[in-house]
Each structure stands twice: as C-alpha cells, then as structure tokens.
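> Generate a structure from the sequence data that follows.
(2 chains)
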Amino acid sequence: MTPDTPETPASGPDAPAQRPRTSILVLDDEPIVCKRLKPFFQKAGYEVEAFNLPAEALSRVEERRFDVVITDLKMQGLDGLAFLGKVKALYPDTDVIVITGFATMETARESFRKGVFDFVAKPFKLAKILDGVRRIEKERGLVP
Amino acid sequence: MPFSVLFKKFKSILERNNAILELIADMGDKLGGDYVYDRQYIFDSCEKLGDQVFKLVSDLSLLCQRKNVALFNTFERIQQQIQAELAGRRALSRPDHILPLAELTHDLADEGGNKMANVGDIRNILGFTVPEGFVITAGAYFEVMERAGLRQQAAETTRRLCDSQGAELAAEAERLGRTIREMPLPKGLARAIEQAAKRLSEGGRYLLAVRSSAWGEDGESSFAGMYESVLGVAPGDILAAYRRVLASLFCEEALRYRLHREQCGEEPAMAVGVMRMVEATVSGGLYTYAPLEEQDQAMVVSAAWGLGKPIVDGTAETDTYLVGREPPHTLISSDIAAKTTMLCLDPAGGTSTCDVPPPERDAPCLSAGQLDRLARTAMALERFFKRPLDVEWALTDADELVILQARPLSIRPRYCALSADAADAAGDAPVLLSGRGITAMGGVSSGPVHLVTEGQDLSDFPYGAILVARHSSPRYAKVMPKCRGIITDVGSATGHMATIARELRVPTLVGAGSATRTLRQGQEITLDADHIIVYEGFVEALCRNELVREDVFEESWEYRTLKRVLRHISPLTLLDPKADSFRPEGCKTFHDIARYVHQRAVDKLISLSETHQELTKGARKLATQLPLGLTVIDVEGGLDPAAGNDATEDDIRCRPLRAILDGMNATGMWETAPVAVDMSSFMSSVTRTLSADMAHPAAMGRNLAVISKEYLNLHLRLGYHFTVVDAFLGGSVNDNVIFFRFMGGVTDFTRRSRRATLVAAVLEHFDFVAEIKGDMVMGRVKKHPTRAMLDKMFMLGGLIGYTRQLDAKLDSDEAGQRHLELFLNRIAAVRET
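Sure thing, here's the model as predicted:
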C-alpha cells in the first residue's frame, strides 16, 4: 500500500479560496452521541472533535479554541454547566449548545444565564442540532 | 362507591391510555434515522411507560372493584421481559444453547457472536446462500466454563496478565488453553451438540466446519486469524473441535490483542458456529476495495480450485481479477496463475492437498458470468454492512454461489480513508432537494433515478437504481435488495416500508414532498439521507465516507436494545373483544394491556349505567337511524331532562354531539353499501386476528359517549376502526378544543396508510394539526370560535361516516386523491344546505 498523500485540491483561476471550516467540539459521556454527531457533522463539512470524558475535553479546550461547543449537562466527573462556564471564560465568543436528557426550567435558565446559545433536549433530531450550528455560523458571520 | 368517583377513574383511564399510545409511538419513531438518543432515553421511556401501564391496571382494578390479579401478573411478566432486555448482555434472550442459523440475525449478535450473526444476516435478511448450520451460543460458553469452574479462573488469569503487563503470558495462556481443551462438558449440552452435528451432517454424509464467533470478533476489532477454525470435522469429533475453538479465546495472540486494545476489563465470550463444509469446485476471497492506489474504484477477487483455506492463508497460487465497483462491474484485468495443487475434502475427515488435473492448471477459475454474480453479491453485502468487506465465498458443482463469511476489511485502501475534502466535494455538487423529509434509514448512496408509479410492475426494476415514488409502500420490499436508495414524496418513518428499509439498511427518505416532480427518470443522483439532501450526479467522496463511519448506528447497543424492548411494548395482538384470547393472560405487550383495559373500562361504564340507573341517572341508549349502538352517559345537562329512557337525537342538548351526529346523518355521508374486500386484503385482515363478520353493523357492539352541555367524549368502534373524539366547545374561545384519533382498518397496510393519509389531509384542510404514526392518525384543533368548531364537529361526523371501510376501496394512490376531493365536495355541499 502507498502511504497517504493528501488529495490535491481543485486549483486554477476559478477555484474558490479555501475558507476555514467551522470547528465543533462535542462532549457527551454517552458514546453513542459522539459516535453519531461526529460523522454527521464531518460529512456536513465541519471540523469535529468528540469526547466522552469531560477531563479530556477540558484539557483540549485549554489547548485550542472551537467555534462551537456542544455539551451534555449531566456527566460523571464534571458538571456540564461548569464546563461551559470554563469555555465561556476562556473564549467568550465560542457559542455553546447544551444537550441534555434532564431538561428542567431551572437548568435551562441557568444555562442561558451562563451565555448558552441554544438548549436542546435529548432525544433530538439531527436536523435540529445542525440548524442550531448554522444559526451560530450566520450570527457570527462564519459563512458568507 | 359514588358514580362520580368511578367516572373520574374512567376519565383517568382514557387520559392514561392516550399518554401510553403516544409514548409507544414516540419510541417507535426513534428507530428511524432522524434522532439521536442515548441509553438514558431508553431507560427513562421504559420506566415512564411501565409506570403508566401499572397505574392503568390499578385504575381498572378500582373501577371494577376487584383485585384483577391476572392482569397484574401479565403486567409483571412483560415488565420483567423488558427489564431483562435492558439489563444487557447477560440477559441473553435465547435460553437454548443451540441456535439454528435460520433464526440468527444481528439482533442476536450477543448470543451468536458477530461473525455468525453476519452470516445469519446474509442468509436471513439479504437472502444469499450460506452453508447450512447452527451456533453454539455465548450462553453455552458461560455455562460450560461455569460448570467446569473455569469462568472465575479465566477472568482472574486475564486480570493478572493485564496487571503484570503480560509477563508470563505465553505460559499462562498455554496452561489455560490446555485446561479448556480437556474440560468436561455438561452432559445435556454435549448430547445436544452431538445430535445437532449428526443431523447437520446427515449422519456423516457431510463434514463440518467449526468456526469461532467470539464477542467483538469481526466487529470493531477483527481478531483476524487469532481464533481457531477447525475444518473437515466428522460429527463424532464435534466436541473436541468445540473445545479447541473455545480454548483459542485465551490463546497468546488473542490475549495480547486484548491487552493491547485495553479490552481486558470486558468479559470475553466465544460462540461457535458449526456449518456444513461446502464441496467447493472453486473458492476464493474478495475485497470490495482493492488495496491499490491506481485502481481505487475496483474490487479484487482471488480464486483457486478446491477449498479456500490456502487462499486465505496465502499459500496457494491464485487467479486475480480486478472488477469495477459500479454496475455493470466491468472486468479491468485478470491474472491467471498456474495452479498445480488444491485443497480437497478427505472423505475420512479433514482435508488433504491434491494435484490439479493438467487441463485446468492454466485455465481461469471464473467465467465472466460468475464474476458478475460475485461482484453484485459483494456490493449488496457492502451496502448492507456499510463497510468495505473481505468476503470468503465458494462455488459448488451445481454452480451455486455460497457466501462463507464477510468481515470488515481491516486494510483500508488509501482512497477509502476519511478525507477532509468530502464535504467540499459535496459542496460543489448541485443540490436538487434539501431539508424536506424524514430519514427513515440513514446513509449515503448514489445511482440513477427510477421513478415508480402506483401499481407498476416492479419485476424490471434496474439493478443499482434509486427508487423514487409518490407514496411509500411495503410492495417495494421486493426490489430493495436491488435498489440503492428510496425517496418518497409521502410516507412515515414508522411505516412498514421504512421498517423493511432499516432491516435491509437501504438509505431511505420519506415525506420529501416533491421528489417525483423534481427528479427525472435515469438522472444520476446522490442521496444523503442523514442530511436530507439530494445532489445531482455521483458524489464519490460522500459515498466513500459512508464506508468509513466509525459506527453503524443499527449495530449500536442503543438501537438494538430499543428494537428489542419495543417487541414487548408496541405490537397490538389483542384486537377482537369477542375472541377467547381477549383476556389478561392473552396480553403479550403493553399495547395489548392498554387495549384490554380500555375495552373493559368502556364496557364497565356502560354496564354500570345500564344496571345502576340510579347511579348514573343520565345514561341512555340513544335511539337513532345510524347503526352506532351508542350509549350516552350524561354527566351534566347533555340531555333534555324530560327525555325518557329511550332518548332520541332530539333530546340531545350536548352541542358537540349534536353537531357530529348531524354530520353523520348528512345526506350521502354514511356509506351503507356493502364493501367488497378482495382476497389479499381479506387475508391480511385475518392475520390481524379480526373476524370478517365484525364489519356487520349488528356486530358492532356498544359504543359510548360521555356528555355534558359543552363536553363530548366519544368512543366508537365501527367494524375495524377505533375512533376517539374528545371535545369541549362553547365556553370561552380559549377553552375550545377538539381532539380526534383514528386507527385500525380491515385491509393491508398500504391501504390503511392511504386512508390515514386521506384522513390527515382532510383534518389539515379543516385547520387541525394532524400527525400520522403508523396507522394511527391524530388531529388537534384549538381556540377557534365555537361556531367554527361546531362546523368542524359536523365535518368529523361526515368523515367518520365517509371513511368507514373506505380503506378497502383505496386500491391506488389516485383513488386516495379522488376520495379526498369527493369528500371535500360533498361536505361543502351539505354544509351549504
């Protein structure tokens, strides 16, 4: 087998300038959520990193900024609210979408107070979360 | 007990019944590809549902003032089955340790192991030929190890090795393996295995292949070549071969592999497949993606005379063919080797190497026709498993193609790797349809559009095309193995066709609106069902991406578990209240219990009102021209106080009931002509456990309306249809509400869904928010002025009358459209008079 070489992108006078991909971090301790969201967003043209462990996600956001963070609220080891607080403290212009199976008015209010962009109750439709991300891109001017 | 208390219970039963049906429909919806849900959702839903059903049973108990032990027992039994499913792996759903291959699919992957479950899918879902055989389950493994006192030892050895990072590994593995090879087997199991082997070999006529099928093998981890397969086993030697395969679970390589992949924490288990050896004239392997850069769109076939083992081992001279992945699967190149020896079956048991007769040495093993057959079969397998595959196959004397096994290709060709440019490639392709529709089955596929019209003969459906049709139909099941995707303008994710598409994993989009008008016959398209987009042309990058998904959703624990628990929840098997089986003991699912309780509650309220008129005061049999058999319970002001025991329509003061009866009485709305039910519809009705004479008005039984001046709760069973109307009209505008639910039907699923579509269209025409779930239609409308709401009740009366048995007439989609217009015209006419 030949080693991997990147495919050459289409070039020429008419080739559009490469726009950076919108980056997304997904954090959910239920593996199925990451396993479904990651390929879904990748196929839709996003750059995605997904984590099951809050600690790993935390150290990753300390390393780099993401345009969008999608996080569960109730996880072993770390509260999603604390995580989103951390993200917002590091990067105020990162937008966070909270996904949770335990949606109460209380948690919803608390997350919005912490600057959450959207609040999606589990189970959710794939189209719905994609829609949320697209609204963020529009508002942030990430898409033309 | 005062009637008011009993009535309250009755109302709570009705509400709970609705809540339960909606919960069940909601869970069913989640099997479609549209939703992301986790295990918590499954646990929560089951808990909520169990709670509601338990309370429903308790309510009935109170209403009927008896203990109702049998129904509680039934509830408990079903609840336990669900709990067992939720408890996961250890709760193997098949207690029998020997599972015929004919009964094995991926739903039983825990019992049969991944490898044999794949073979089961190939045989039972895709319909290809595989060798006859059976599986000795993972459950059997646990029993064997437990009885021999080795389960503990195996677990400890594994843990110790993990802790010590594998020092002593070789010696420990050898010791454990030897113990297992020599261990005694439980007598019952040993006898069962021997008998099954004897039957399979037809008393020694065939030799057997005994193959490993461990948990996880050929799944996310391949364990390729680590576990043992014993070929050419005589039935008398089956037990020794079984033990050898079991022992290989702890061979040094497998232990190292688990250690390396950090799988030490998971308990391993070995299911074992026993299959007839195929007397192959030609055998070989096939990679659906050739691991060659310049041939990225090819598959590669290796073939040799005789049995396939030397090919897999790489010890034999083989012919190599490169074949196109896309139809018509053109032969790109062939390399014919000089094949001097081949592996043959030794009639005495085992295999031996023989010479290839000289004329065949330099001849190609495969003809063009055989290659084409292989290529089509392999692509069907790849589409199903959604991964590039390594397929082992054999051709028999009778030129029959037999699939021996299919495993994910562990060497992924370069072009197959997830490329970051996939999205860009898709981004440039013109979008034909986007954003409208429901994903019944996720995935990406491409091919030419094949438009299918109602009633069209499907026998010439082209191989590799994408089926595009106005309505979904279970008729398409026939061509699903040939087709790469399905798009329909109208349809539901819980419908019958969607279920089959998920079984066969054909990417399917329903309710896409205008697909039949937008897409042209023969047009090359790429369907991305996950993102609800249809692109023009062949978007290769997207299709390739499909094959490198980290996870196939339908193989996930969550999907399989939801599907399994739903088997104890959603099927309705208890339909006919007159049947002997209509008893608590006859309930097989939660849906059955809800149906049973509902029927008993209605009966109870009617009988209470008949025998205790002093309790219910306002209860009357309503005398009307309509064959409704309607009992009316007046809670407050719904009937003229002067009315006698035989109330007539004139005595009704309940405005919603008056309006609905007017609608039913309106000229031409009550369909009285007998309906001819054709044979296939009739047969399908029989399987739905209803008797045909139920359609007769005299046999319709008793129906119930609970009324007050402003309120109506109407339960109608008209033949095969169950209709519920719940309305409050005449207070303030904000309180005005009508709920309508309709389900059932005498005919096959297609016609019933056509009627559901028709009913929903009518409801929407009259401002209802309508929803179809399976063959249930629900509609809700709120907060219109009372006059307008009464008009809607009138319409509902007409609709109930008009659609009664109408499904039998809906033999085509055009008929559905015709009847919709007919009804709207008629109702408009009678409203004007």
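
> Please tell me the pLDDT value assigned to residue B:619.
Residue B:619 carries a pLDDT score of 68 in this model.

> Only the buried residues of the helix-or-strand element of chain A with minimal mean pLDDT, if you could.
The weakest-scoring helix or strand in chain A, judged by mean pLDDT, DSSP states H and E, is helix A:105-113 (a mean of 79). Buried residues in helix A:105-113, counted by 16 or more other Cβ atoms under 10 Å in any protein chain shown: A:107, A:108, A:111. Quick note: C-beta positions are derived from backbone N, CA and C, even for glycine.

> What is the nearest of these to chain B?
Set against chain B, the nearest of the buried residues of helix A:105-113 by Cβ to the nearest Cβ is residue A:107 (14.8 Å).

> Does that closest one touch residue A:100 like I think?
Yes - judged on Cβ atoms under 8 Å, residue A:107 makes contact with residue A:100 at a distance of 6.8 Å.

> Need the overlap of contacts for these two.
residue A:73 (Cβ atoms under 8 Å, 6 or more residues apart in numbering or on different chains).

> what number of residues lie near residue 56?
All of this refers to chain A. Per other Cβ atoms under 10 Å in any protein chain shown, the neighbour tally for residue A:56 reads 12.

> Let me rephrase: I mean chain B.
Residue B:56 has 26 neighbours, counted by other Cβ under 10 Å.

> Contact partners for it?
By Cβ under 8 Å, 6+ apart, the residues touching residue B:56 are B:13, B:16, B:17, B:20, B:593, B:594, B:597.

> want to throw the buried residues of helix A:105-113 into a markdown table with distance to residue B:245?
Putting the buried residues of helix A:105-113 into a markdown table (distance: Cβ to Cβ, whole Å) gives the following:
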| residue | distance to residue B:245 |
| --- | --- |
| A:107 | 51 |
| A:108 | 54 |
| A:111 | 53 |
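
> now these as JSON lines including distance to chain B?
Listed next are the buried residues of helix A:105-113 as JSON lines, based on distance: Cβ to the nearest Cβ, whole Å:
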{"residue": "A:107", "distance to chain B": "15"}
{"residue": "A:108", "distance to chain B": "18"}
{"residue": "A:111", "distance to chain B": "18"}
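
> picking up where we left off before, which among the contacts of residue B:56 gets closest to chain A?
residue B:20 (18.6 Å).

> From residue B:35, how far off is that closest one?
Residue B:20 is 20 Å from residue B:35, where distance means Cβ to Cβ, to the nearest Å.

> Residue B:244 is in contact with residue B:181, isn't it?
Yes - counting by Cβ under 8 Å, residue B:244 touches residue B:181, with 6.0 Å between them.

> Looking at those two now, which is surrounded by more residues?
The neighbour comparison of residue B:244 against residue B:181 (other Cβ under 10 Å) goes to residue B:244, with 20 against 14.

> got a pLDDT number for the more buried one?
Note on residue B:244: pLDDT of 94.

> returning to that earlier point: out of the contacts of residue B:56, list just those in helices.
Residues of these located in helices (DSSP state H): B:13, B:16, B:17, B:20, B:593, B:594, B:597.

> and the first one, how many residues sit next to it?
Using other Cβ under 10 Å as the criterion, residue B:13 is surrounded by 25 other residues.

> show me what contacts it?
If you count contacts by Cβ under 8 Å, 6+ apart, residue B:13 has them with B:56, B:59, B:60, B:63, B:597, B:598, B:601.

> got a list of what the residue most central in space within chain B touches?
Compute the mean C-alpha point of chain B, and by Cα atoms, centre = their mean the closest residue is residue B:499, 4.5 Å away. Taking Cβ under 8 Å, 6+ apart, we find residue B:499 in contact with residue B:31.

> Can you verify it is assigned to a helix?
Yes - the assignment for residue B:499 is a helix, going by DSSP: H, G, I helix; E, B strand; the rest coil.

> since we're on residue B:328, how many residues are nearby?
Residue B:328, neighbours per other Cβ under 10 Å, totals 10.

> any idea how far it lies from chain A?
Computed as Cβ to the nearest Cβ, to the nearest Å, the residue B:328 to chain A distance reads 27 Å.

> Assign the residue of chain A found nearest chain B to helix, strand or coil.
Relative to chain B, the nearest point of chain A is residue A:45 (3.0 Å; Cβ to the nearest Cβ). With three-state DSSP as the basis, residue A:45 sits in coil.

> I figured it hits residue A:21, correct?
Yes - between residue A:45 and residue A:21 there is a contact under Cβ under 8 Å: 6.5 Å.

> Could you identify the buried members of the contacts of residue B:56?
Applying 16+ other Cβ under 10 Å to the contacts of residue B:56 flags B:13, B:16, B:17, B:20, B:593, B:594, B:597 as buried.

> Run through the stretch 301-450 of chain B and note the low-pLDDT ranges.
For the stretch 301-450 of chain B, applying pLDDT under 70 flags the ranges B:349, B:410-427.

> that older thread, now secondary structure and pLDDT too, for the contacts of residue B:13, in CSV please.
What follows is those, written out as CSV (DSSP: H, G, I helix; E, B strand; the rest coil; pLDDT from 0 to 100):
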residue, secondary structure, pLDDT
B:56, helix, 94
B:59, helix, 91
B:60, helix, 91
B:63, helix, 84
B:597, helix, 91
B:598, helix, 84
B:601, helix, 83
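
> For chain A, what lies in contact range of chain B?
Residues of chain A lying near chain B by Cβ under 8 Å from any Cβ of the partner chain: A:1-2, A:4, A:7, A:9, A:21, A:28, A:30, A:32-33, A:35-40, A:42-47, A:101, A:122-127, A:129-130.

> excluding its backbone neighbours, what's nearest residue B:55?
Using Cβ to Cβ, 6 or more residues apart in numbering or on different chains and skipping the chain neighbours, the partner closest in space to residue B:55 is residue B:16 (6.3 Å).

> thinking again about what came up before, and for the residue of chain A closest to chain B, the neighbour number?
As a burial measure, residue A:45 scores 18 neighbours (other Cβ under 10 Å).

> Could you check how far it is from residue A:130?
11 Å.

> who's in contact with residue B:229?
B:209, B:210, B:211, B:212, B:245.

> run the last query once more with 7 Å
By Cβ atoms under 7 Å, 6 or more residues apart in numbering or on different chains, residue B:229 lies in contact with B:209, B:210, B:211, B:212.

> Next one: it from chain A, what distance?
27 Å.

> Okay, and the beta partners of that residue?
residue B:211 (DSSP bridges).

> What pLDDT is listed against residue 11?
Went with chain A since none was named. At residue A:11, the model reports a pLDDT of 38.

> Please refer instead to chain B.
77.

> Check the secondary structure at it for me.
Residue B:11 falls in the helix class when you classify it by three-state DSSP.

> pretty sure residue B:25 is touching residue B:773, no?
Yes - counting by Cβ atoms under 7 Å, residue B:773 is a contact partner of residue B:25 at 3.9 Å.

> Pick out whichever of the two has more residues nearby.
In this view residue B:25 and residue B:773 are compared by other Cβ under 10 Å, and residue B:773 has more residues nearby, 20 against 17.

> Who are the contact partners of residue B:467?
B:450, B:452, B:476, B:479, B:483, B:486.

> per-residue confidence averaged over the helix or strand where it lies?
Using DSSP states H and E, residue B:467 maps to strand B:466-471. Strand B:466-471 shows a mean pLDDT of 92.

> That one: partners in the sheet, and parallel or antiparallel?
Applying DSSP bridges, strand B:466-471 is found paired with strand B:444-452 (parallel), strand B:485-490 (parallel).

> now those in a markdown table, with mean neighbour count?
Listed next are the strands paired with strand B:466-471 as a markdown table, based on neighbours: other Cβ atoms under 10 Å in any protein chain shown:
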| stretch | mean neighbour count |
| --- | --- |
| strand B:444-452 | 22 |
| strand B:485-490 | 26 |
